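mind looking at a prediction? Sequence and model below.
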Amino acid sequence: MKDRAASLFPLAMLVLLAALTFWLNRVIQGDNPRGPQRHDPDYWVERFEVRRFDTEGRLQHTVVADNLLHYPDDDTTIVAAPHVTYHQTPPTEIFARMAYIGKDGKEVDLVDNVRVIRHGAAAGSPSTVLETRTLKIFPDSEKGHTNDPVVITQGKSIMNGTGLDIDNRSGISVLYGRVTGTLHRNRTETP
């Protein structure tokens with residue numbers, strides 16, 4: 001019986017060593033599969049509103065949307081029908097069909113039917129409306145950029161360009177490329 005136990009000892013040590021190796025491999029690599037991860041949302045939100053305040057407690061901007069999907073494999077977020085309102089004077093509103101938010105939330109890509117409305121500063125003054133296909137915005141600095149064609153209208157005035165940089169805080173928009181337009185001025189008649 002002792003001879004049989006002595007001959008099984010190396011086999012038991014080999015099984016123990018294999019189990020230890022398997023356990024170490026699981027600890028080091030975790031439970032992650034070796035193939036590509038599935039692109040499934042880990043959470044979603046429907047009909048939501050998010051408010052962001054500055055360091056002094058004033059309302060900076062509000063985001064309202066139909067739904068939001070977050071994907072953990074690449075840490076991206078997709079928002080359907082976003083409506084962003086910057087609450088300075090005068091207020092600015094941004095609409096799009098879809099928005100893609102990056103990992104850290106510092107960049108937002110607005111896609112399809114992007115429309116920016118900067119309301120008139122004085123009562124009765126026309127709003128400035130910017131329309132384009134895509135717009136990358138940086139919510140914290142209130143800046144944006146696109147390389148797609150842009151149409152800007154204000155009352156009867158209209159400007160077209162093939163790219164744009166926009167700074168909401170300063171109210172300055174810079175059109176690029178072949179810029180064309182028609183500017184109408186208000187005439188006051190004197191008797």
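The structure has been received and is ready for your questions.

which residue packs closest to Met98, ignoring adjacent ones?
Val111 (4.7 Å; C-beta to C-beta, 6 or more residues apart in numbering). Heads up, the C-betas are built off the backbone N, CA and C, glycines and all.

now the helix or strand of the chain with the lowest mean pLDDT: buried residues?
Every helix and strand in the chain was compared by mean pLDDT, DSSP states H and E; the lowest is helix 2-29, with a mean of 72. Residues of helix 2-29 classed as buried: none (neighbour count, 16 or more other C-beta atoms under 10 Å).

which of the residues in stretch 57-69 are classified as buried?
60-63, 65, 68.

CSV for these, including secondary structure and distance to Leu14?
Output for the buried residues of stretch 57-69, formatted as CSV (DSSP: H, G, I helix; E, B strand; the rest coil; distance: C-beta to C-beta, whole Å):
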residue, secondary structure, distance to Leu14
Gln60, strand, 65
His61, strand, 65
Thr62, strand, 65
Val63, strand, 61
Ala65, strand, 59
Leu68, strand, 53
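
now those residues as JSON lines including distance to Trp23 and pLDDT?
Listed next are the buried residues of stretch 57-69 as JSON lines, based on distance: C-beta to C-beta, whole Å; pLDDT from 0 to 100:
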{"residue": "Gln60", "distance to Trp23": "51", "pLDDT": "85"}
{"residue": "His61", "distance to Trp23": "50", "pLDDT": "85"}
{"residue": "Thr62", "distance to Trp23": "51", "pLDDT": "88"}
{"residue": "Val63", "distance to Trp23": "47", "pLDDT": "88"}
{"residue": "Ala65", "distance to Trp23": "46", "pLDDT": "92"}
{"residue": "Leu68", "distance to Trp23": "40", "pLDDT": "90"}
